[in-house]
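Visitor: structure for the following, please:
(one chain, ligands or ions: 1)
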Amino acid sequence: MKIAIMGAMVEEITPLLEFFGKYETIEHAKNRYYTTSYKGMDLVIAYSKIGKVNASLTASTLIEKFGAQKLLFSGVAGALNPSLKVGDLLVATKLAQHDLDITAFGHPHGYVPEGSVYVETDKALTSLAKKVAFAQKIPLLEGIIATGDQFICDGVKKEWIHTTFNADATEMEGASVAVVCDALNVPFCVLRAISDAADMDAGFSFDEFLVSSAKESAQFIIAMLDEL
Ligand SMILES: Nc1ncnc2c(CN3C[C@H](CSc4cnccn4)[C@@H](O)C3)c[nH]c12
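Guide: Sure thing, here's the model as predicted:
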């Protein structure tokens, strides 16, 4: 079984590379892909760089070039749900693109023809995440993620995304990964640890908690691998 583990920022995959220790590095399309093995599984690890386009390219490459049969996304996110605090873990049930807008033609936010507002994640992987969380007594929220090419740091925009998509968290890559994996029939999950509240203090909070929250997410992904 070949498993892809993807992040967007180097900080989101560094804990993984440090854990696995030994890996090959393959340069491709202005990016680097790290291959290793773990408990009989072939792993390919990469960070896409920030944003939906970069995430789409990396997810596609992980599947089409490296043959990933499952894709696990690990990273951080901004909280939209007021019950989510820094360090809390969220596993996505479905994802939408909050900045996809052809409402001028009567379509809902996040929708384009022949598409759907939400893309659902793999139920088996989500169940696995819940099993791991229960076993390790880690609180894990199942929720909706809204993705867009914007770092959200404004209460008004935060509330609009939260309300429009009933979203629990926001980030900049997950929905792209979802579209790619759904189109290529690859089971995927998106796990995020909260780094900020997507409000006026988000930049400061993000800078303070990126590394620790990214590590939390990565450690949880490793725990999922142990049960795969
Ligand atoms: N409030 C928020 N809104 C939107 N996305 C997020 C995230 C998740 N990631 C982190 C990073 C922020 S941009 C970036 C650019 N340069 C340096 C650091 N981060 C981008 O990959 C999305 C965490 N909090 C978020």
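Visitor: can you tell me the closest non-neighbouring residue to the residue of the chain found nearest the ligand?
Guide: Closest contact between the chain and the ligand, by Cβ to the nearest ligand atom, is at residue 78 (2.7 Å). (Glycine included, C-beta is placed from N, CA and C.) Of all residues not flanking residue 78 in the chain, residue 198 sits nearest, at 3.3 Å (Cβ to Cβ, 6 or more residues apart in numbering).
Visitor: show me what the helix or strand containing residue 159 is packed up against.
Guide: Assigned by DSSP states H and E, residue 159 belongs to helix 155-165. Packed against helix 155-165 by the contact rule (3 or more Cβ pairs under 8 Å, 6 or more residues apart in numbering; DSSP states H and E) you find strand 140-147.
Visitor: tell me the buried residues in stretch 22-41?
Guide: 23, 33, 34, 35, 36, 38 (16 or more other Cβ atoms under 10 Å).
Visitor: hmm, back to that, ok, the residue of the chain closest to the ligand - how many residues close by?
Guide: 25 (other Cβ atoms under 10 Å).
Visitor: am I right that it is in a strand?
Guide: Yes: Residue 78 forms part of a strand when assessed by DSSP: H, G, I helix; E, B strand; the rest coil.
Visitor: pretty sure it sits against residue 192.
Guide: No: using Cβ atoms under 8 Å, residue 78 is not in contact with residue 192; the gap is 9.1 Å.
Visitor: what is in contact with those two at once?
Guide: 169, 171 (Cβ atoms under 8 Å, 6 or more residues apart in numbering).
Visitor: up against the ligand, what does this protein have?
Guide: Within the chain, the positions adjacent to the ligand are 8-9, 50, 75-78, 151-153, 170-173, 195-196, 198, 202, 206 by Cβ under 6 Å from any ligand atom.
Visitor: farthest pair in the buried residues of stretch 22-41?
Guide: Spanning the widest gap among those are 33 and 38, at 15.6 Å by Cβ to Cβ.
Visitor: all helices of the protein, in order?
Guide: 10-20, 52-64, 123-135, 155-165, 174-183, 202-227 (DSSP state H).
Visitor: now the angle from the fourth one to helix 202-227?
Guide: Regarding helix 155-165 and helix 202-227, their directions subtend 40 degrees when assessed with axes from the mean of the first three to the mean of the last three Cα atoms, to 10 degrees.
Visitor: also the second one?
Guide: Orientation of helix 52-64 against helix 202-227 (the same axes, to 10 degrees) gives an angle of 10 degrees.
Visitor: just give me how far helix 52-64 sits from the chain centre.
Guide: 12 Å (Cα atoms, centre = their mean, to the nearest Å).
Visitor: same question, the fifth one
Guide: Averaged C-alpha coordinates place helix 174-183 at 10 Å from its chain's average position (Cα atoms, centre = their mean).
Visitor: any idea of the mean pLDDT for that helix?
Guide: Per-residue pLDDT values over helix 174-183 give a mean of 98.
Visitor: the first one now?
Guide: The predicted model assigns helix 10-20 a mean pLDDT of 98.
Visitor: buried stuff in it?
Guide: So helix 10-20, judged by 16+ other Cβ under 10 Å, has buried residues 11, 12, 13, 14, 15, 16, 17, 20.
Visitor: swap in the fourth one?
Guide: With burial defined by 16+ other Cβ under 10 Å, the residues of helix 155-165 counted as buried are 157, 158, 160, 161, 162, 165.
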